[in-house]
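Participant: what follows is a protein structure lacking sequence information:
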């Protein structure tokens, strides 16, 4: 997962070297989500039939190919291929690796396994910009070293996967079908509120992962790739900490609080854009990250609590489709608007839209919860 965000501090360098526009920069970032969605929908249930290990090795192969493509990238089409492969790897890991971690955990640690999977997923996404930012700023070969190191790490992971035991019974006659999408009527209202909050939170993740270095350099005046990577890391670290540290809170109340914190966080980010303050930007990133982590994890929990277990996989797939649209399309819109209006106006419109979405989600969820409280048990 770290490899999927390694390019974040490098987009501005690629833009300078290859001469593409700000819109193209966001498209290069966003094609990653296409790969994630393709993997989730096409291969999301394959590991149940083929086993976890073959899918994990397939994801590692895509991750390795992605880094090798980036090592030779000399044009926009090549960058797009690298990002697409990176997305495919992330989509495979999101399902198969999470399941494998939970299944492989010893019984005495089984209750902690979901937290380990969460930390690996979100923590890895946050470490990518941080480590790559340090490498780009202070080490040689800024467009190559991080990918070379990542490729070696992926090979090491492949060895570990080959040594690990299979955790599921492999079907004799596997039926490899794409993941189904569905939102049954009884869960649609809660799904709509939770997924709206999730959309807002993932849009913020997309904005920071795609153009945080540009925001840090142009708006705060700090032209340091390591600092830009630290800002992105702060957002993901806050999200990870919230998902792990607050998982014991009641689902509905934590979901409401997450929406509210997301509103506050993006408004603080808007203040940072107007003031040109790095400290305020980091503060906004942390608050928004906590809100995103709570609204995402508790939103998913709220939906799962109300859906028939037989439909859970289809509903979860539908949830993630919306989230990965959120991580890609809005940031492309920001890139186009920034080219037309300038970065600050475009980012402020984005912040306002996210705040409104999170507020609408909060209002809808409060109404649903109030109605549910009035229904006799």
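Facilitator: Cool, got the structure. Computed from a predicted model, the values in this text were never measured in an experiment.
Participant: what segments of the stretch 151-300 of the chain are helices?
Facilitator: 188-219, 225-245, 251-275, 278-306 (DSSP state H, counting those that start in this stretch).
Participant: need those helices in a markdown table (columns: mean pLDDT and distance to residue 132).
Facilitator: (C-beta placed from N, C-alpha, C; glycine too.) Listed next are the helices of the stretch 151-300 of the chain as a markdown table, based on pLDDT from 0 to 100; distance: least, C-beta to C-beta, whole Å:
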| stretch | mean pLDDT | distance to residue 132 |
| --- | --- | --- |
| helix 188-219 | 94 | 10 |
| helix 225-245 | 95 | 6 |
| helix 251-275 | 96 | 22 |
| helix 278-306 | 93 | 17 |
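Participant: domain assignment for the protein?
Facilitator: Here the domain parsing of the chain from automatic domain parsing is 1-169, 180-377.
Participant: buried sites along the helix or strand harbouring residue 90?
Facilitator: Secondary structure assignment for residue 90, by DSSP states H and E: helix 76-92. For helix 76-92, a neighbour-count test (16 or more other C-beta atoms under 10 Å) marks 76, 79-92 as buried.
Participant: check which helices and strands that helix is in contact with.
Facilitator: Here helix 76-92 touches helix 2-5, helix 11-18, helix 22-43, helix 52-71, going by 3 or more C-beta pairs under 8 Å, 6 or more residues apart in numbering; DSSP states H and E.
Participant: let's see that with 7 Å instead.
Facilitator: helix 2-5, helix 22-43, helix 52-71 (3 or more C-beta pairs under 7 Å, 6 or more residues apart in numbering; DSSP states H and E).
Participant: buried deepest among those helices, which one?
Facilitator: Ranked by mean neighbour count, these are led by helix 2-5 with a mean of 25 (mean count of other C-beta atoms under 10 Å).
Participant: please state the offset of that one from the chain centre?
Facilitator: Relative to its chain's centre, helix 2-5 lies at 10 Å (C-alpha atoms, centre = their mean, to the nearest Å).
Participant: with stretch 129-139 instead?
Facilitator: Worked out by C-alpha atoms, centre = their mean, stretch 129-139 lies 20 Å from the chain centre.
Participant: for stretch 85-95, same thing?
Facilitator: 11 Å.
Participant: what average pLDDT does that stretch get?
Facilitator: In this model, stretch 85-95 carries a mean pLDDT of 91.
Participant: for stretch 20-37, same thing?
Facilitator: Across stretch 20-37, the average pLDDT comes to 92.
Participant: for the remainder of this discussion, apply numbering that starts at 53.
Facilitator: Let's use 53 as the start, then, which means that last one is stretch 72-89.
Participant: so which residues make contact with that stretch?
Facilitator: Contacts with stretch 72-89, where a contact means C-beta atoms under 7 Å, 6 or more residues apart in numbering, come from 56, 63, 67, 128, 131-132, 135-140, 142-143, 261-263, 373, 376, 379-380, 383-384, 386-388, 390-391.
Participant: and if we set it to 8 Å?
Facilitator: 56, 59, 63-64, 66-67, 128, 131-132, 135-143, 146, 258, 261-263, 266, 372-373, 376-377, 379-381, 383-384, 386-388, 390-391 (C-beta atoms under 8 Å, 6 or more residues apart in numbering).
Participant: likewise stretch 94-108?
Facilitator: Residues outside stretch 94-108 that contact it (C-beta under 8 Å, 6+ apart): 110, 143-145, 147-149, 151-152, 155, 213-214, 216, 218-220, 222-223, 226-231, 365, 369.
Participant: returning to that earlier point: which among the buried residues of helix 128-144 gets closest to residue 291?
Facilitator: The closest of the buried residues of helix 128-144 to residue 291 turns out to be residue 142 (C-beta to C-beta; 15.7 Å).
Participant: and that closest one, what is it in contact with?
Facilitator: Going by C-beta under 8 Å, 6+ apart, residue 142 touches 53, 56, 84, 87, 88, 91, 111.
Participant: who's in contact with the second one?
Facilitator: I take that to be residue 56. Going by C-beta under 8 Å, 6+ apart, the list of residues near residue 56 reads 84, 138, 139, 141, 142, 176, 177, 180.
Participant: do the same with the last one
Facilitator: Residues touching residue 111, when contacts are defined by C-beta under 8 Å, 6+ apart, comprise 91, 140, 141, 142, 144, 145, 148, 149.
Participant: what do you get if the cut-off is 10 Å, keeping everything else the same?
Facilitator: For residue 111, the contact set (C-beta atoms under 10 Å, 6 or more residues apart in numbering) comprises 91, 95, 99, 140-149, 206, 209-210, 213.
Participant: with that, I have no additional questions.
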